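Enquirer: I would like the atomic coordinates for the input below:
(one chain, ligands or ions: 1)
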Amino acid sequence: MRITVLNGPNLNLLGTREESHYGSFTLADLEDQMRAHLASRADVSFYQSNQEGDIVTEIQKLSSRDRLILNAGAFTHTSIAIRDALAAVKVPFIEVHISNVYAREEFRHVSYLSAIAKGVVAGLGVESYLLAADFFLRSGVEAK
Ligand code: DQA
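Expert: So this is what the prediction gives:
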């Protein structure tokens with residue numbers, strides 16, 4: 001199985017960014033934990049960008065054979081372009097958030113992506129990503 005972990009804007013600042021919401025781990029820590037967790041069970045690759053168009057382009061490289069764990073950051077709440085890219089490539093994806101977006105401002109309660117996601121995991125820190133990966137490994141989820 002090939003799992004791609006895609007992180008959107010400002011997630012490169014993990015470790016120093018709003019620790020009360022995002023904890024003190026860095027993006028590199030998160031990626032290390034995922035690599036260790038998946039070990040030989042799946043090929044995993046990572047991508048982070050602050051640019052909406054770059055995220056769209058990266059999604060366009062995926063196919064329905066890939067499995068995507070996506071934290072689109074603030075673009076979750078705004079991006080029709082990212083949703084359209086996900087719908088176009090038909091890649092099974094899980095929307096993840098480090099913080100519990102439902103316990104925060106109302107604008108974070110709206111996601112343009114959830115309706116076409118396999119599922120959503122929010123509020124569990126790094127565990128949000130690990131649980132999403134476990135789901136893909138255990139379920140062998142079918143392409144849409
Ligand atoms: C986030 C939540 C978003 O609302 C926010 O814009 C982020 C991070 C999270 O992981 O909790 O950048 O996706």
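
Enquirer: May I ask which helix or strand of the protein has the lowest mean pLDDT?
Expert: The helix or strand of the chain with the lowest confidence, counting by mean pLDDT, DSSP states H and E, is helix 19-22 at a mean of 93.

Enquirer: could you point out which element follows it?
Expert: From helix 19-22 onward toward the C-terminus, using DSSP states H and E, the following helix or strand is helix 27-38.

Enquirer: follow-up on the earlier one: which helices and strands sit right next to the least confident helix or strand of the chain?
Expert: Other helices and strands packing on helix 19-22, by 3 or more C-beta pairs under 8 Å, 6 or more residues apart in numbering; DSSP states H and E, are absent; none qualifies. Just so you know, the C-beta spots here come from the backbone N, C-alpha and C atoms, and that holds for glycine as well.

Enquirer: Run the chain-centre distance for stretch 130-144.
Expert: On the basis of C-alpha atoms, centre = their mean, to the nearest Å, stretch 130-144 is displaced by 13 Å from the centre of the chain it belongs to.

Enquirer: Buried ones in it, by neighbour count?
Expert: Within stretch 130-144, the residues that count as buried by 16 or more other C-beta atoms under 10 Å are 130, 132-133, 135-137, 141.

Enquirer: now swap in stretch 70-82 and tell me
Expert: Within stretch 70-82, the residues that qualify as buried are 70-73, 75-77, 79, 82, counting by 16+ other C-beta under 10 Å.
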